[in-house]
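1. sequence first, predicted coordinates after that:
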Amino acid sequence: QLQLVESGGGLVQPGGSLRLSCAASGFTLDYYAVGWFRQAPGKEREPVSCIGSSAGSTNYVDSVKGRFTISRDNTNSTVYLQMNSLKPEDTAVYYCNAVESARVYWGQGTQVTVSS
């Protein structure tokens, strides 16, 4: 079965850190651009960060610049999102997305809650 599996979410205090993982199952991520999205309760899903297939290009939404870092390990077909200095407004379900030409995959999401 071809799928993306996210992990690493959880409950963290403001100022804390989490590292999310997005692992491909049944296929390799080598030629896929991968993005992280998030959806907070009552809000639309929004893009957070993305990384090109060669890892040569990365992009971030302004609200996470300087705090989040996206990276990839094509050997293990995994993309990571290192999240530092977390804020309550980062609370959301985080999804990863992989795109290569007409092929698009979404993961099931992982909950991140930032609260004291």
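-> Nice, I can see it.

2. go ahead and flag the most central residue of this protein.
-> Per Cα atoms, centre = their mean, the C-alpha nearest to the average position across the chain is that of residue 36, at 3.3 Å.

3. in this structure that one contacts residue 45, no?
-> No: judged on Cβ atoms under 8 Å, residue 36 makes no contact with residue 45 at a distance of 10.8 Å. Using the backbone N, CA and C atoms, a C-beta is placed for each residue, glycine as well.

4. need the residues touching each of those two.
-> Both residue 36 and residue 45 are in contact with residue 95, where contact means Cβ atoms under 8 Å, 6 or more residues apart in numbering.

5. any idea which helix or strand carries residue 95?
-> Element membership of residue 95 [criterion: DSSP states H and E] is strand 92-100.

6. what sits up against that strand?
-> Residues outside strand 92-100 that contact it (Cβ under 8 Å, 6+ apart) are 4, 6, 9, 20, 22, 24, 29, 31-40, 43, 45, 48, 53, 79, 81, 104-112.

7. how far does it sit from the chain's center?
-> 6 Å (Cα atoms, centre = their mean, to the nearest Å).

8. going by neighbour count, list what's buried in that strand.
-> By 16 or more other Cβ atoms under 10 Å, the buried positions in strand 92-100 come out as 92, 93, 94, 95, 96, 97, 98.

9. go on, stretch 3-22?
-> For stretch 3-22, a neighbour-count test (16+ other Cβ under 10 Å) marks 4, 6, 8, 9, 12, 18, 20, 21, 22 as buried.

10. what is the most widely separated pair among the residues you listed?
-> Spatial extent of the buried residues of stretch 3-22 (Cβ to Cβ) is set by the pair 4 and 12 at 22.6 Å.

11. check contacts around the spatially closest residue to residue 15 that is not a sequence neighbour.
-> Excluding the flanking residues, the one nearest residue 15 by Cβ to Cβ, 6 or more residues apart in numbering is residue 85, at 6.0 Å. Residues near residue 85 by Cβ under 8 Å, 6+ apart: 15, 17, 67.

12. repeat for residue 111
-> Listed by Cβ under 8 Å, 6+ apart, the contact set of residue 111 reads 9, 10, 93, 94.
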